[in-house]
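Trainee: quick one, structure for this:
(one chain, ligands or ions: 2)
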Amino acid sequence: MDIIILGSGTLSSLPWRNPSGYFLQNGNRRAIMDMGPGILRRISQAGINVTDIDTVFLSHFHPDHCADLIPFLLSRFLADPDCNSRLQVVGPAGLSDWFEYTVRDQGRWLERRPLLLEPGESGLDWAEYRIRAFPTGHTSAAVAFRFDGEISFFYSGDTPFSEPLMDWLKGCRYGILECSFPETREQAAHLSARQAGLFAARVGLERVYLTHIYPENDTIDLALRVARYFGGQVVVTEDHLFIRLGREL
Ligand SMILES: [Zn+2]
Ligand SMILES: [Zn+2]
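Mentor: Ligands and ions are numbered 1, 2, ... in the order given. Down below sits the predicted model:
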């Protein structure tokens, strides 16, 4: 599985950390996971053709994770009017309602719509992976995605320090894990650097990729602060970072 970090930041971040977005490619399947504002530009900067994307995964409906979905759909329509009927959007329970509300008054360009899927824990198959979603508790709808195939990894979306989620993610080798705030600013809806380390250790990860980094946590010693609580490898992601999981380059 090849991954490009398109957005490792938040709405508070400076331009080099765009709000959330991740490009996934396995074989001839291509997906975007979360689509914060600016991700459409990041897709273009990465040399990815919007019409080549077959799936969008949305972790939740906060704007830093989904604001570019409608611009993305329109840019695909402008390239190929039939394109969106070949897309699937995978998200939490409530995706269909959210989508209908969001696209009202868009007019005729969106008559050919993507397929909307809310797979939950039963999951779906994509690119030789079984992908399942589990509630994180960040909002009533928010989910994390777990990928089981050649290797097992997860994307946390936004999450509090959730015991049921950590138990559910056990067995994953790699995790793309939110790491919002420093230890001095812990809060209920997100992970601090300390909690991200404890989270990675509890799941039993080999390597953790930190993302969703707020400016106050974006210090040169971030990896060190997480590594106080986690014995595996710590990678502080950056926008445009290329990651290959499962096969060595
Ligand atoms: Zn959120
Ligand atoms: Zn967020």
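Trainee: need the residues of this structure near ligand 1, please.
Mentor: Applying C-beta under 5 Å from the ion, one finds that the chain approaches ligand 1 through 62, 158. All C-beta spots, glycine's among them, are computed from the backbone N, C-alpha and C.
Trainee: where does the prediction get shaky in the protein?
Mentor: Applying pLDDT under 70 to the chain flags residues 248-249.
Trainee: go again using 90 as the cut-off
Mentor: In the prediction, the chain carries residues with pLDDT under 90 at positions 120-121, 246-249.
Trainee: could you tell me which residues of the protein lie near ligand 2?
Mentor: 64, 158.
Trainee: quick one: the strands in the chain, in order.
Mentor: Assigned by DSSP state E, the chain shows strands spanning 2-7, 21-26, 29-35, 55-57, 88-90, 115-117, 124-126, 129-135, 143-148, 152-155, 174-178, 207-211, 233-236, 242-244.
Trainee: so which elements touch the fifth one?
Mentor: Applying 3 or more C-beta pairs under 8 Å, 6 or more residues apart in numbering; DSSP states H and E, one finds that strand 88-90 contacts strand 55-57, strand 115-117.
Trainee: run a quick neighbour tally on the closest residue to Cys172 other than its chain neighbours.
Mentor: Once flanking residues are discounted, Cys172 sits nearest to Ser152: 4.6 Å by C-beta to C-beta, 6 or more residues apart in numbering. Using other C-beta atoms under 10 Å, Ser152 has 19 neighbouring residues.
Trainee: surely Ser152 touches Gly171?
Mentor: Yes. Between Ser152 and Gly171 a contact is recorded at 5.7 Å, counting by C-beta atoms under 8 Å.
Trainee: list the contacts of the closest residue to Gly94 other than its chain neighbours.
Mentor: Take Gly94 and drop its neighbours on the chain: the residue closest to it by C-beta to C-beta, 6+ apart is Ala141, 4.9 Å away. Counting by C-beta atoms under 8 Å, 6 or more residues apart in numbering, Ala141 makes contact with 60-61, 92-94, 98, 135.
Trainee: now do Phe134
Mentor: Phe134 makes contact with 121, 143-144, 146, 164-165, 168-169, according to C-beta under 8 Å, 6+ apart.
Trainee: now Tyr229: how far from ligand 1?
Mentor: Separation of Tyr229 from ligand 1 (C-beta to the ion, to the nearest Å): 23 Å.
Trainee: may I have the beta-bridge partners of Ser152?
Mentor: Asp148 (DSSP bridges).
Trainee: ok, the spatially closest residue to Cys83 that is not a sequence neighbour - contacts?
Mentor: In this structure, Cys83 finds its nearest non-sequential neighbour in Arg76, 4.3 Å apart by C-beta to C-beta, 6+ apart. Counting by C-beta under 8 Å, 6+ apart, Arg76 touches 50-51, 53, 83-84, 87.
Trainee: closest one of the residues you listed to Gln233?
Mentor: Of all these, Ile53 has the smallest distance to Gln233: 29.3 Å, by C-beta to C-beta.
Trainee: gap between the residue located most distally from the centre of the chain and Phe77?
Mentor: Within the chain, the residue lying farthest from the chain centre (C-alpha atoms, centre = their mean) is Arg108, at 29.6 Å. Distance, Arg108 to Phe77, by C-beta to C-beta, to the nearest Å: 10 Å.
Trainee: buried sites along stretch 183-190?
Mentor: The neighbour-count check on stretch 183-190 (16 or more other C-beta atoms under 10 Å) flags His190 as buried.
Trainee: ok, and what's touching that stretch?
Mentor: Residues outside stretch 183-190 that contact it (C-beta under 8 Å, 6+ apart): 138, 158-160, 178, 180-181, 192-195, 212, 216, 225.
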